[in-house]
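1. This is a predicted model, with the sequence first.
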Amino acid sequence: MAQFTTLRAEVTGRIGRLTLDQPAKLNPLGTVPLREIAAAARWFDTTDAVVVVVTGEGRAFSSGFDLREFASGSDAADDATSGRDQADLGRRMADAMERMNALTIAAIKGPCVGGGVVLAGVCDLRIAADDTVFSIPEVDLGIPLAWGGIPRLVREIGPARTRELVLTCRPFDAVEAQTIGFVNRVVARADLEEVVDGMAEDIAAKAPSVVHATKRQVNAALENMASTGGSWADADVLSAALSDPEARGAARRYLADRAR
């Protein structure tokens, strides 16, 4: 088992597990978790994992980009980290997950918000519990959906749905997510772990070279559909938003509303 502070990464046989482990905060994706997810993805490549299950501890998959850091303007990990470097951590996390050799299965439950949608989106397969609620609130907060989220959503659900969900910021449930093609299956919350584990065991029993080759071929086809090659530039726009007092104020109001 690799040692991290905000997540658990472990491998048993050919099956790995990456579990976001800040349940009291609904598993936010702040500076430290983003760095640790990228490091965990690289660590899994040194193991025998053929499949990695990605999930969140507690009732949520992930509450997304850590608005506490954004609202305060702080960098929880390193005060020397530049605003642009901090803004680019999400892209690096998403790229590391996408490039990981193992096939990834997202086991999604409860809130899956903003950056959490991006994290789920970089996984190869997505199984959602029937209590899952997705939302992409970035535009309401005065910041763009970065981390390569736009091209990845276009790949999965098409440009029209991407525009609607990103610009309206309206929540959508697991059934709608399956209907539009974002998740593969919807299952009862009580059955989520069993269903995902069964799928992981089935895929892990197949020839690793074939599983890896299939993942690479699909990713290559996706890159031709909507390239994420320019996603590094997202950091410039996001960095500007992170330094905008008006956007920070919107983040504080959003946090206050959620706390009520």
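-> Okay, I see it. A quick note: this is a predicted structure, and the numbers were derived from the prediction, not measured. Numbers count the residues shown, from 1 in each chain.
2. buried residues in the helix or strand where Val210 lies?
-> According to DSSP states H and E, Val210 maps onto helix 208-225. If you call a residue buried by 16 or more other Cβ atoms under 10 Å, then helix 208-225 has these buried ones: Pro208, Val211, Lys215, Leu222. For every residue, glycine as well, the C-beta is placed using N, CA and C.
3. How much space separates the last one from Leu153?
-> Noted for Leu222: a distance of 12 Å to Leu153, by Cβ to Cβ, to the nearest Å.
4. same thing with the first one?
-> Distance from Pro208 to Leu153, counting by Cβ to Cβ: 29 Å.
5. neighbouring contacts of stretch 158-176?
-> 108, 128-140, 145, 150, 153-154, 157, 180-181, 183, 186 (Cβ atoms under 8 Å, 6 or more residues apart in numbering).
6. In strands, which of those fall?
-> If you go by DSSP state E, those have Ile108, Ala128, Ala129, Val133, Phe134, Ser135, Val186 in strands.
7. Give me the neighbour count for the last one.
-> In other words, Val186. 20 (other Cβ atoms under 10 Å).
8. Hmm, it is touching Asp130, no?
-> Yes: at 5.7 Å, Val186 and Asp130 qualify as touching, with contact defined as Cβ atoms under 8 Å.
9. what sits up against stretch 25-34?
-> With contacts defined as Cβ under 8 Å, 6+ apart, stretch 25-34 is touched by 5-7, 20-22, 37, 56-69, 75-78, 81, 86, 89-90, 92-93, 110-111, 115-116, 119.
10. Could you pull up the mean pLDDT of it?
-> Computed over stretch 25-34, the mean pLDDT rounds to 95.
11. first to last residue in it, what's the distance?
-> End-to-end distance for stretch 25-34: 15 Å, by Cα to Cα, to the nearest Å.
12. how much distance is there from it to the middle of the chain?
-> In this view, stretch 25-34 has its centroid 11 Å away from the chain centroid, taken as Cα atoms, centre = their mean, to the nearest Å.
13. and what of stretch 98-108?
-> 10 Å.
14. List the buried residues for it?
-> Neighbour-count burial for stretch 98-108, counted by 16+ other Cβ under 10 Å, picks out Glu98, Met100, Asn101, Ala102, Leu103, Thr104, Ile105, Ala106, Ala107, Ile108.
15. again with stretch 20-32
-> Buried positions in stretch 20-32, judged by neighbour count with 16+ other Cβ under 10 Å: Leu20, Asp21, Gln22, Lys25, Leu26, Asn27, Pro28, Leu29, Gly30, Thr31, Val32.
16. same check, this time on stretch 60-71
-> Using 16+ other Cβ under 10 Å as the test for burial, stretch 60-71 gives Ala60, Phe61, Ser62, Ser63, Gly64, Phe65, Asp66, Leu67, Glu69, Phe70, Ala71.
17. same question, stretch 137-156
-> When burial is assessed from 16+ other Cβ under 10 Å, stretch 137-156 yields the following buried residues: 137-138, 140-141, 143-156.
18. do the same with stretch 44-52
-> Phe44, Thr47, Ala49, Val50, Val51, Val52.
19. what about it, start to end distance?
-> 8 Å.
20. same question, stretch 197-214
-> 20 Å.
21. ok, residues contacting that stretch?
-> With contact meaning Cβ under 8 Å, 6+ apart, stretch 197-214 is reached by Gly13, Arg14, Ile15, Val50, Val51, Val53, Asn101, Ala102, Leu103, Ile105, Leu125, Ile127.
22. Quick check: the last one vs Glu36, distance?
-> It stands for Ile127. Shown here: Ile127 relative to Glu36, a distance of 23 Å by Cβ to Cβ.
23. These two: who's more crowded?
-> Remark: of Ile127 and Glu36, Ile127 carries more neighbours, 26 against 23, as counted by other Cβ under 10 Å.
24. Bridged to that one, which residues?
-> According to DSSP bridges, the residues that bridge with Ile127 are Ala107, Arg185.
25. Brilliant, that's me finished.
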